[in-house]
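In: No letters, just coordinates:
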């Protein structure tokens, strides 16, 4: 880069110094017409490109390009020394001779400069590389031209010019020594001495590839325009505008900067793609501004008085001057957009062994066009044309060329215009476009379908004309016709096998196909039913699938979501291309079964796409800000039992104010305890801590004083925030004492409120008006891998552990669930599960609030009579629960209480068949059972409306991987290990307070024994810890409990073990069914073919089974109860 920069700098310093010397001094002394002499100088410099380029191209292909560059730069030093002598002599013809030799040196350098780029750059870097080279070239032209113009007429200017040209040539040679060597492209090439014959041969070869030839013609036309403008700037400034050399320099500056800006901007537009998308637009832009330049030049400008011309400052005083400067800037900027892709096409599509000769052929054609420009300009000037009229003639000719290009590349023209409009209105961000090229020759693009803009968004950014498969009825619509200029369309009729066959044939022929697998616009905002067609096409055509995720278009008026989302005219839209995927179906599978498998695999791929392209690599608070921006600050988002709705804006204000208090008493990244029930106070406190970069530690008050105190110690908490009213109502005074004994400061929110000043409230208000800016300044480090929350395991099987979940863990799980379900701002979430429970936090609170869903926070799940009434009053559409809680609601609810309910999710414990049956019969609601763990934030698997199998916990959510570890003695299934972005950062243990214990490797051991069927549905057999070894056989305690639930469905049962001297272990049933007998258990087992080994040997009847606050059975208390009774027996 430096070598070519300095070379171009020297060429133009010398050339412009010569032109200025001729125009203002030497021509008058020698009696020549300066206009003719300046034009002649331009022709002399260009002529060697025509004469010597053929030989230059052969040498560049024959030898190491780096070595040739060093030789040429050494010759430049000699030529510059000769030029210095000619300047001092002020001999016009000697200077013209040296100008010719400089042109010859440059003609040998040209094939090397452009030919060496593909040797050192990847293909996707060529656009950027050429953009930098073009920008550098014209900046060097600018600086060289400015210095040449400023120095040549100054006192001692000849000495300064001479010093500069020799010094720069020397530095350029030194820089060339650092250029990495290249292999000779064609070391056996015989250099043809007859340059005329070789020139004709190269021109003939260049015509064999239409893309290359058209690129050469396009580049040459650009240089005809550029040569005309650059050569006529002195005449234009002097004769038309009455300007001196400063005005000339101003024009050259703007023109060069414009080319540089356009060249770099082109790389940003194309993002590394090599195509001619913006070439037509660049050509049209140059035409428009050249025509305007002619009319702008008709303004009244001063005539020179006594040979005195106006300088740049005086010129800028005239109103018409700014219009001229704008036109010149835009002509050159459009030229940069026009020229860069053509150079990249020329380099990338030339054969490696002939690349330099192809570039040489281009240089020859460039020279021919520039010589033609020089001759044509001389003729027009001789005929009395003014310089503005010359520019107008060029503009008219360029208009014809632009029309030809548009006819040649109608797709590129429409695409460039469409892309510009979409970028202007929707600030479209395209990600992963490099994946498009990786797919190979045969590819099918599959995309979610949000709006009528979707096809335009995809077609506008892809480098080739695509084929879109569209519904037969839509294909007949009038508004589809204009789209045909951008893409081909083929009707897709699912009932017609021949239509599918045509699509398969198209893909086999290498035509890339775009299909929307949903077959219709979404009316939910989420993924709808997916048809198997695209999968079958990819399978039969041997093609790869490229998933394309569209986002943001659902908020435009061009959707079918009015009334369901906040519609606005110009939302930001993103288009994400994901890695291409091989689509393989099992061999031997045929017919309907094969089509069904294709549909399932395609649906899985689409949900994976929705998840992977989602924004989970950010912080939770940033997601809140995004949600507020998307749904509007006044959108009501939360409510609690006080029935005082909270909007996004109010949440941001209050979180900022309360978070400021928290921040005053803590350090960034510090863990701060929250001991509160579900309420707006807890929600605001949670986000208040996040607003200032603190980490909430959600204390599980249902586990008792000892465990809460232990949790404070484990997480190294210094401060815990709670509510005096909550402590009194919950009778948690003993818990307060236990916390304070750990030297933890307990702060009541009731005491905080009076301390908040008006200034703090105003600050919170201002923060909510500019939340993004304030958040960036307030929290300097915002990594998605950082801790977001500390939760504590329920202790159902031992001492509670602290589970540290990162922002990424929680947001990934939110998006994993969101990819499988359709929900939106019209839904209402009834969350009765406490936020210290991962199910209640992620799924019950953060998922809805970050998705614009109004969320009602109820403080306890145990109010079986009240909660159904609440659901009825708030028109709830979604709720969560454990089997225990859902069973309780079903007993007390009116059949109409859940009239508006769309989704009911069950988790944390096994859903009993009886609970499922009651909800279906009484409310007409199908409970969707899921599976998870605190350590996975929490959801691992989920049944959905589209993929549901009773008795299972559904299929793994997107982004999860799994493996099964075999367990001795268990023939069916294995121990489940999972990996994914929602797997925790690690544990905090009581024995190592504050020390994060990260999972080993990337896998998490769930401790559950499961089976997976062919469709991926998971059935939980039980906890690995909840298997007993009876007489050498492994017995699932969970399976025994399920058997007992079928026998006595209205009751609750827990099975634990005690040592047995003969069989190793024996089973003990603890139940609240008052009439339970072992004889009844034996009869039921015999009727259902269940072996005696699975039957409890002892039954203990209690009034109520111990239950944790999360709804899980408290096995630790039950085991302790059984052990105590056995010891006292």
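Out: Structure received. As the structure is a computational prediction, the values presented were derived from the model and not from experiment.
In: Quick check: the gap between residue 515 and residue 538.
Out: The gap separating residue 515 from residue 538 is 9 Å, by C-beta to C-beta, to the nearest Å. C-beta here means a position set from N, CA and C on the backbone, and glycine is covered the same way.
In: what touches both of these two?
Out: Common contacts of residue 515 and residue 538, defined by C-beta atoms under 8 Å, 6 or more residues apart in numbering, comprise residue 444.
In: These two: who's more crowded?
Out: Neighbours per residue (other C-beta atoms under 10 Å) separate residue 515 from residue 538, with residue 538 holding more: 29 against 26.
In: low pLDDT regions in the stretch 301-450 of the chain?
Out: 302, 304-307, 352, 354-356, 406-413 (pLDDT under 70).
In: What are the boundaries of the strands in it?
Out: 429-431, 443-447 (DSSP state E, counting those that start in this stretch).
In: Please state the offset of the helix or strand following the last one from the chain centre?
Out: Read in the C-terminal direction, the helix or strand following strand 443-447 is helix 454-461, with elements assigned using DSSP states H and E. Chain-centre distance of helix 454-461: 16 Å, with C-alpha atoms, centre = their mean, to the nearest Å.
In: tell me the angle of helix 454-461 relative to strand 443-447?
Out: Helix 454-461 runs at 130 degrees relative to strand 443-447, counting by axes from the mean of the first three to the mean of the last three C-alpha atoms, to 10 degrees.
In: Check which element follows helix 454-461 along the chain.
Out: Per DSSP H and E, the first helix or strand lying C-terminal to helix 454-461 is strand 467-471.
In: what pairs with that next one, and is each one parallel or antiparallel?
Out: strand 488-492 (parallel), strand 513-515 (parallel) (DSSP bridges).
In: Other residues contacting the next helix or strand after the last one?
Out: From strand 513-515 onward toward the C-terminus, using DSSP H and E, the following helix or strand is helix 533-541. Applying C-beta under 8 Å, 6+ apart, the external contacts of helix 533-541 come out as 442, 444, 446, 469, 492, 494, 500, 503-504, 507-508, 513, 515, 517, 543-545, 583-585, 594-595, 598-599, 601-602.
In: could you check the angle strand 443-447 makes with helix 533-541?
Out: 170 degrees.
In: residues in contact with the closest residue to residue 874 other than its chain neighbours?
Out: Excluding the flanking residues, the one nearest residue 874 by C-beta to C-beta, 6 or more residues apart in numbering is residue 856, at 5.1 Å. Residue 856 sits next to 638-640, 828-831, 870, 874, 876 when contact means C-beta under 8 Å, 6+ apart.
In: Is residue 856 bridged to anything, and to what?
Out: Under the criterion used (DSSP bridges), residue 856 bridges to residue 639, residue 830.
In: what's the distance between it and residue 683?
Out: 11 Å.
In: Give me the domain ranges for this structure.
Out: As recorded under automatic domain parsing, the domains making up the chain are 2-178+199-408, 423-612, 620-965, 1031-1129.
In: what distance separates the shortest one from the centre of its chain?
Out: Mean-position distance between domain 1031-1129 and its chain equals 53 Å (C-alpha atoms, centre = their mean).
In: can you check stretch 604-611 too?
Out: That offset, for stretch 604-611, works out to 15 Å (C-alpha atoms, centre = their mean).
In: now the domains of the chain in JSON lines, with distance to residue 1017?
Out: Formatted as JSON lines, the domains of the chain follow (distance: least, C-beta to C-beta, whole Å):
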{"stretch": "domain 2-178+199-408", "distance to residue 1017": "42"}
{"stretch": "domain 423-612", "distance to residue 1017": "11"}
{"stretch": "domain 620-965", "distance to residue 1017": "4"}
{"stretch": "domain 1031-1129", "distance to residue 1017": "17"}
